[in-house]
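Participant: this is the structure alone, sequence omitted:
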């Protein structure tokens, strides 16, 4: 095998490992590829992708910029910077500029595509780029532009249900409820995403102030979620209660004293009756009583917390392992309790509880 063939094989395996989520294996391929040609643009691209996956977005962008310098017409490093800037650095301005640069290069590449396969690859990349561009516009609250950008994409063009739901979600956030519904409707009975699709449909009806349809969609979500098996990191109720109790111990003494006799109720999901009253079936926790922010308590009355509900299935859905689950329980308990007693996120941070 020639040196270049060996390099191509290592890079192909490295990118495949990244696609499978195996960062360590990808890094091993990268190390070997570096020994052959550390400055090769594809080696730099793999290096950047590994850094992005490993959680060093600034280092990743530095490497993507080296690829841009080596291959000025390549859209991919620009599109990668757009992803990292938006989702890792929370910098929608930078993401928008990078997405626009990538889209410009993709459109030029599509015009000169040498084969149908190349054209298809460019079309898929363009869809992803348009998605990031629209998300950046929404994040910047440039909603008219976001709606216009989303309307350039034909409904149904996304073959993967998760991408279709993302387009629906962005259309909702941009205020285009009809477009959001059109993206969503074909996937309501798809087994892979039916729960998510009905939940998002309920959010669309909520935005349209259609309470009966909202509740109907969310009852369907609840039923679908209740039928799902628990994940491997599902905890016994007593362990979940212990994690919640440890979180309460972090709160200021005055608040802990007011919570001394308040029961923690662990439920899988909000009940059908709760959902019928308009409660989001995917709520993480519910703190019942009269919060400090209500007029009666603001004038001197004490906030009366009567019940604390934690919804285990919803907490588990957001996590991938027992450690993440424990941290999500902690965050939910601290933030919901603090908000109940009139503390905002800044106050939580000041107390070291963020």
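Facilitator: It's in. Predicted model, so just to flag it, every value in this text is computed and none were measured.
Participant: how about residue 259, what does it touch?
Facilitator: 248, 251, 305, 308, 337 (CB atoms under 8 Å, 6 or more residues apart in numbering). From N, CA and C alone the C-beta is placed, and that goes for glycine too.
Participant: residue 308 should be in a helix, yeah?
Facilitator: No - Residue 308: not assigned to a helix; according to DSSP: H, G, I helix; E, B strand; the rest coil it is strand.
Participant: may I have the residues that are in contact with it?
Facilitator: 244, 259, 262-265, 285-288, 333, 336-337.
Participant: check it and give its pLDDT.
Facilitator: On the pLDDT scale, residue 308 is placed at 82.
Participant: just the one 5 residues further on next, same as before
Facilitator: Residue 313 is assigned a predicted lDDT (pLDDT) of 96.
Participant: can you report phi and psi for it?
Facilitator: When read as degrees, to the nearest 10, the backbone of residue 313 gives phi -60, psi -40.
Participant: neighbours of the closest residue to it other than its chain neighbours, how many?
Facilitator: Using CB to CB, 6 or more residues apart in numbering and skipping residues adjacent in sequence, the residue nearest residue 313 is residue 268, 4.6 Å away. A count of neighbours around residue 268, defined by other CB atoms under 10 Å, yields 15.
Participant: residue 88 versus residue 268, what's the distance?
Facilitator: Note on residue 268: its distance to residue 88, by CB to CB, to the nearest Å, is 33 Å.
Participant: again, but for residue 24
Facilitator: 20 Å.
Participant: neighbour count winner among the two?
Facilitator: Neighbours of residue 24 and residue 88, each counted by other CB under 10 Å, are more numerous for residue 88; the result is 16 against 9.
Participant: list the contacts of the more buried one.
Facilitator: Applying CB under 8 Å, 6+ apart to residue 88 gives the contacts 52, 55, 57.
Participant: tell me the centre residue of this protein?
Facilitator: Centroid-nearest residue in the chain: residue 87, 8.5 Å away (criterion: CA atoms, centre = their mean).
Participant: before we move on, what's the pLDDT of that one?
Facilitator: pLDDT for residue 87: 96.
Participant: distance of it from residue 139?
Facilitator: Distance, residue 87 to residue 139, using CB to CB: 10 Å.
Participant: what's the burial count for residue 131?
Facilitator: 21.
Participant: typed the wrong thing, it's residue 37
Facilitator: Residue 37: 14 surrounding residues under other CB under 10 Å.
Participant: sorry, back to before: so can I have JSON lines of the contacts of residue 88 showing neighbour count?
Facilitator: Shown next, in JSON lines, are these (neighbours: other CB atoms under 10 Å):
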{"residue": "52", "neighbour count": "23"}
{"residue": "55", "neighbour count": "10"}
{"residue": "57", "neighbour count": "19"}
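Participant: from the residues you listed, which land in helices?
Facilitator: Among these, DSSP state H puts 52, 57 in helices.
Participant: so which strand or helix has residue 288?
Facilitator: If you go by DSSP states H and E, residue 288 is part of strand 285-290.
Participant: tell me the strands beside that strand, with direction?
Facilitator: The pairing partners recorded for strand 285-290 under DSSP bridges are strand 304-311 (antiparallel).
Participant: what comes up buried for the strand it pairs with?
Facilitator: 305, 308-311 (16 or more other CB atoms under 10 Å).
Participant: nearest to residue 188 among these?
Facilitator: The nearest member of the buried residues of strand 304-311 to residue 188, counting by CB to CB, is residue 311 at 23.2 Å.
Participant: would you quantify the distance from that closest one to residue 251?
Facilitator: Note on residue 311: its distance to residue 251, by CB to CB, is 20 Å.
Participant: what segments of the stretch 1-150 of the chain are helices?
Facilitator: With helices called from DSSP state H, counting those that start in this stretch, the stretch 1-150 of the chain shows them at 3-19, 23-36, 41-54, 57-70, 76-87, 92-111, 116-139, 143-151.
Participant: quick check: mean pLDDT of the first one?
Facilitator: Per-residue pLDDT values across helix 3-19 average out to 95.
Participant: by contact count, what packs against it?
Facilitator: helix 23-36, helix 41-54 (3 or more CB pairs under 8 Å, 6 or more residues apart in numbering; DSSP states H and E).
Participant: and for the third one?
Facilitator: If contacts are counted by 3+ CB pairs under 8 Å, 6+ apart, helix 41-54 sits against helix 3-19, helix 23-36, helix 57-70, helix 76-87.
Participant: that'll do, ta.
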